[in-house]
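Asks: no FASTA, just this:
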């Protein structure tokens, strides 16, 4: 299914966004997030950004205080996922202007919306920033 | 295009609701004016006459922003704050005011997504909010649904119509919401019922919608394979779309679909090829490469065709991700194309020396993919691989370890293992165990295929066991026992290793070693006849620190004591009767002959004739003992002044045997109050036996002088029979052995073991009391013993070094000085000191040399020692690989796709030639959809390319039954006329499928590669 989940976690390990593309119970999500966060946040910047966990491969990237963790299938192209994370951040940056953790906290819905535009059902469906942002800008304009 | 969209949206929303803007949104800055909005809406509610409580709710309701803000202030007590908020939400969500309700739901969704709060209880409210006509509410509802709904959510049955309405809505934002929701929650029923709507959207003029519909198709196909027959053609049409956005989505879907059954997609190869050559979008190219990586192995002609464009991408592209994907495709699927592989490996080399750890990791990863087929690629880069063993990143280290293990061969396994073991001693526990694990699996692979020198390997296992971080107890245990059973020649070394492990009291304190000690004890007992000094083994097994072992392992120790005791007694008796000659002769002789005696009981009887010669023979008994003894100090019996030489020149003297019996009696006597059944039972058995023997031995010794040869008749009979029992050789057992045992007549095996549950449940409940002898009557003794245990434990793990010293003084006798004199007697060193840190670089270079040396000459060099025989079973040595049957669902999915693709074989060219004709195509499609089975059948037969048996008939029938049942429920609840109409329509379609399926089984398979390949 390609991408299995997208997580945004801050330095303290608090989840800021969690989007799953397969159903897990609340309990399963919690334990999974806990394990992943513990694994990834302990790593330093000289280490590579790929971690194997259970049957996922986790590709993560750190931007300031925020970690972007993407769980993918084993066959997925890791570098492409890193680019996807960067695209997501750039998109948010274009929309919010100097995006920070607070923006994501208070506009979670919008971030979800962007993510929905980019990924459906674990497949990346849209990779152009302007295409992703058009519907959101439209909503902002009309509100 | 965009302005048009926005205009229509505005119009739609203006028409429906003038008061609130269609895309009303909550921004944090605007939370105050948001409140005013709320109040204005509640005012309007008031005029329409809603209850006063909802007004109050609405006025004082906290928005999501308020919630987040106050959450940030609540640093300490988050959980109570959340539960309080949930209480509020539970109240608010029941409100009749849609605004209040949706805000409450929004908050709940937030809490659920971020803080893992359960929101399954609110599913009905979710449905209500979803059905709101207001976009801002609907959005909240749909988002909540996609987060909280899953296959077994009961309310899913209620949203079918809502979804259908929104899918076909003129407002494409509504459709978009519905599509997103469907992509995450679609079930069999939803997928089936909404397939026609999805079919329409697949050709939507709005790319925005079409894109999403394409992505949803993936989930729908997964849940409801029959949808393929309806939608697949349109999906393929979209593949030819000129719109890059659409292509991204379609290729994504095909990439996922092809992961399950790639063969079905071979006919589409020309389309994919066009994209591979023409497309400029790296995302799409990566996905197409993935598809080709799956298709190429199935069709050799395809590989020839795509190899050039892929190499072109490798040379030209600046995007690392694309280059890497090309490299991966080449090494996995195009490994026959030499030049391409060379190019790929050269790219891998660039990755390996890159600064970026990500690229280094991927380079290693790619190498390990290449390793099985192209070991030369690994060899060429071995310097980089070995260097990575010291990388800062554990993932890179592990990856390089894997590669290193791939380089291991028969000739270099000794050296590489040695160097790796040194690495293991120095590295952190996790990586240390990683190393140990990979050594164990590599060496043990395929019944120790690469091991020639088993004596070396057994010693290596012993060494591994004493590494402080070792957590691989179980694997080492298994291999020790396994080697014992399979390799006769390794047994004497095995016993030596076991002795070293057993004798070291420090090892008993390490919990992770207990399993290994268990194996060592078993080995010592089972192969005692090759031991240099059985008494030493018994002492090791009886040492006081064995009380640190768990009962199950202690039981093994006790059993081993019994085996060794029997052996000693047997030898003693034989020797007395003169038969010892045969034993000793054999023992002193070649090890390979040793087992002749065991099997051959006749030899014993024959040997009895040689009397008198025994004593001379004994003098020369096993020279190993003599040397061991000379270095050993004499063991001192505890309280008495008597000094008994256990290891006299004549091994089995009367005194030593009596001594042995006494000591066993003494030590096992204290265990008779043990709480564990296993231990208790064995201890009592051994004790009873010892007492029996002892009485006779002592008794007879008095009249020894007079009666001469006639002594011990009864005892020796007992011992002989037990000796025989123990000396039957154990061999490896085939995994399928149990299957070969025929079921005896008259034994009725129940298929269903459900009723066992109740019985087992009873046992579990009572076990705690019944399996321990600690009933009320034993209360006092138990207390005493348990306090004893506690006392002993005090000297255990807590303050090891000091108390151990004391302990040792007290029980000095039992600690035999080990052969290795370098262990300092006064304080216990840890089980094994990490070796002095030698220079890592040295080791790396050493490794490099090793791999070089041995990998190049992979053939077996002239070995000084021939490889011993390893017992192999003809079958079932390894766990049978569970033959995975493809899931029936997938079968039907791929079957359906084949159907459609082959059905449409004539069409791609048609649609290519006149793309304007799409509408007519669609019409055709619809006709087929309605009911046109015969034509479909003919097409399939005509093409004659239907792969073999795929008949979802049986499964689909059961599905049908289920479906029908569900339909009834739906109809009952909805009491909707439409439902009935639908179902009758569906019946018709189903029949056509079944009919279409049945004749296909006959047709044989030929690969469907269109002319472009030829």
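Replies: That came through, no problem. The structure displayed is predicted, hence computed values, not measured ones. Residues are numbered from 1 along each chain as shown, chains lettered A, B, ... in the order given.
Asks: and the top helix by length along chain A, which residues are buried?
Replies: Assignment by DSSP state H gives helix A:78-96 as the longest helix of chain A. Across helix A:78-96, burial judged by 16 or more other C-beta atoms under 10 Å in any protein chain shown covers A:78-85, A:87-89, A:91-92, A:95-96. In this view, the C-beta of every residue, glycine as well, is placed from N, C-alpha and C.
Asks: from those residues, which is closest to chain B?
Replies: residue A:79 (3.5 Å; C-beta to the nearest C-beta).
Asks: Excluding sequence neighbours, find me the nearest residue to the closest one.
Replies: residue B:321 (3.5 Å; C-beta to C-beta, 6 or more residues apart in numbering or on different chains).
Asks: Test my guess that the one you found contacts residue A:76.
Replies: No: assessed by C-beta atoms under 8 Å, residue B:321 is found out of contact with residue A:76, at 10.7 Å.
Asks: which residues touch the residue nearest to residue A:79?
Replies: A:77, A:79-80, A:82-83, B:282, B:286 (C-beta atoms under 8 Å, 6 or more residues apart in numbering or on different chains).
Asks: Put together JSON lines for those, with pLDDT on each row.
Replies: Listed next are those as JSON lines, based on pLDDT from 0 to 100:
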{"residue": "A:77", "pLDDT": "90"}
{"residue": "A:79", "pLDDT": "91"}
{"residue": "A:80", "pLDDT": "91"}
{"residue": "A:82", "pLDDT": "92"}
{"residue": "A:83", "pLDDT": "92"}
{"residue": "B:282", "pLDDT": "89"}
{"residue": "B:286", "pLDDT": "92"}
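Asks: could I get the residues you listed as TSV with distance to residue B:175?
Replies: Output for these, formatted as TSV (distance: C-beta to C-beta, whole Å):
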residue	distance to residue B:175
A:77	31
A:79	34
A:80	29
A:82	32
A:83	29
B:282	29
B:286	29
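Asks: Name the nearest of the residues you listed relative to residue B:688.
Replies: Closest to residue B:688 out of the contacts of residue B:321 is residue A:77 (69.8 Å), distances taken as C-beta to C-beta.
Asks: burial count for the closest one?
Replies: 24 (other C-beta atoms under 10 Å in any protein chain shown).
Asks: That one is in contact with residue B:288, isn't it?
Replies: No: in terms of C-beta under 8 Å, residue A:77 does not count as a neighbour of residue B:288; the distance is 11.9 Å.
Asks: what's the closest non-adjacent residue to residue B:722?
Replies: residue B:566 (5.1 Å).
Asks: which residues touch the one you found?
Replies: Contacts of residue B:566 by C-beta under 8 Å, 6+ apart are B:719, B:722-723, B:726.
Asks: of these, closest to chain A?
Replies: Checking the contacts of residue B:566 against chain A with C-beta to the nearest C-beta, the nearest one is residue B:726 at 46.0 Å.
Asks: That closest one: neighbour count?
Replies: Other residues near residue B:726 come to 19 when the count uses other C-beta under 10 Å.
Asks: quick one: it and residue B:565 touch, right?
Replies: No: counting by C-beta under 8 Å, residue B:726 does not reach residue B:565; the two are 10.3 Å apart.
Asks: what mean pLDDT would you report for the strand or helix carrying residue B:475?
Replies: Taking DSSP states H and E as the definition, residue B:475 sits inside helix B:473-486. If you average the pLDDT over helix B:473-486, you get 89.
Asks: Report the contact partners of the closest residue to residue B:442 other than its chain neighbours.
Replies: Nearest residue to residue B:442, sequence neighbours excluded (C-beta to C-beta, 6+ apart): residue B:405, at 4.7 Å. Residue B:405 makes contact with B:438-439, B:441-442, according to C-beta under 8 Å, 6+ apart.
Asks: rewinding a little: helix, strand or coil: sort out the residue nearest to residue B:722 for me.
Replies: Using DSSP: H, G, I helix; E, B strand; the rest coil, the structure places residue B:566 in helix.
Asks: Please tell me how far residue B:319 sits from chain A.
Replies: Here residue B:319 is placed at a distance of 8 Å from chain A (C-beta to the nearest C-beta, to the nearest Å).
Asks: what about the strands in chain A?
Replies: For chain A, the strands defined by DSSP state E occupy A:3-10, A:15-20, A:50-53, A:56-63, A:66-72, A:119-120, A:123-124.
Asks: Lowest mean pLDDT among the helices and strands, pick that one out for chain B.
Replies: helix B:2-16 (a mean of 35; mean pLDDT, DSSP states H and E).
Asks: cool, and chain A?
Replies: Result, chain A / mean pLDDT, DSSP H and E: helix A:129-142, a mean of 85.
Asks: returning to that earlier point: let's have the strands of chain A in CSV, adding distance to chain B and mean neighbour count.
Replies: Formatted as CSV, the strands of chain A follow (distance: least, C-beta to the nearest C-beta, whole Å; neighbours: other C-beta atoms under 10 Å in any protein chain shown):
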stretch, distance to chain B, mean neighbour count
strand A:3-10, 10, 22
strand A:15-20, 6, 20
strand A:50-53, 6, 17
strand A:56-63, 9, 20
strand A:66-72, 12, 23
strand A:119-120, 4, 26
strand A:123-124, 3, 24
